[in-house]
Each structure stands twice: as structure tokens, then as C-alpha cells.
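# return a 3D structure for these sequence lines:
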Amino acid sequence: MTVNDAVAKRVSDLLKANNMSQYRLEQESGIQHGSMQCIMNGRNKTVTLSTVILLAKGFHITLTEFLDDEIFSSQDLELE
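Presented below is the predicted three-dimensional model:
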């Protein structure tokens, strides 16, 4: 699994957990729809730290809380 895949999975899980739509996350985070689609569909191969910070802000959580998931500590996480 790539870092981008892990970020997309974490976003998907948080959307479900918070009963939140992708549109609302886009509005709360300031990430444009096209960019969000690229992340969620795996077309974006290089998610930046800035984007991850915006995603965390969109969920109203800290960066640490966003990254505090076993998916990011996996030994199988591929770096591009």
C-alpha cells in the first residue's frame, strides 16, 4: 500500500466515522474538489504534508490525530 492509498483510506474511514460527506470535507479543509478526487481515486501519487494538514483541519483534528492510525505504521507502507 502506498502513502497515498493510506491517506485515502484514512480519509474514507474518518468520513464514515464522522458521518461527513466528501463535499463537506472539501469545504472545511479548503481542498478543491478535483484535488480531493485525485487523492481518493489514487491518481495522486504524492500527497504532501500540507495536504494532510488541511485534511486534518477539515476534520477538526490535529495532524497527530490524523496520523495516529495503524495504517501509517504498517511495515508494508510503500514510499514512492
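# can you show me the helices along this structure?
Ranges of helices in the chain, per DSSP state H, are 3-17, 22-29, 33-40, 49-58, 63-67.
# which residue comes closest to Gly30 once chain neighbours are left out?
Excluding its sequence neighbours, the residue lying closest to Gly30 (C-beta to C-beta, 6 or more residues apart in numbering) is Leu54, at 5.9 Å. The way it works is simple: take the backbone N, C-alpha and C, and place the C-beta from them, glycine included.
# so what pLDDT did the one you found get?
What the model reports as pLDDT for Leu54 is 97.
# so, low pLDDT: which residues of this structure?
By pLDDT under 70, the low-scoring segments of the chain are 80.
# let's see it at 50
The model of the chain has no residue with pLDDT under 50.
# and the closest residue to Leu14 other than its chain neighbours, what are its phi and psi?
Leaving aside its sequence neighbours, Leu14 sits nearest to Phe59 (C-beta to C-beta, 6+ apart; 5.4 Å). Main-chain torsions, Phe59, degrees, to the nearest 10: phi -90, psi 0.
# same question for the one 3 residues further on.
Dihedral pair for Thr62: phi -80, psi 160, per degrees, to the nearest 10.
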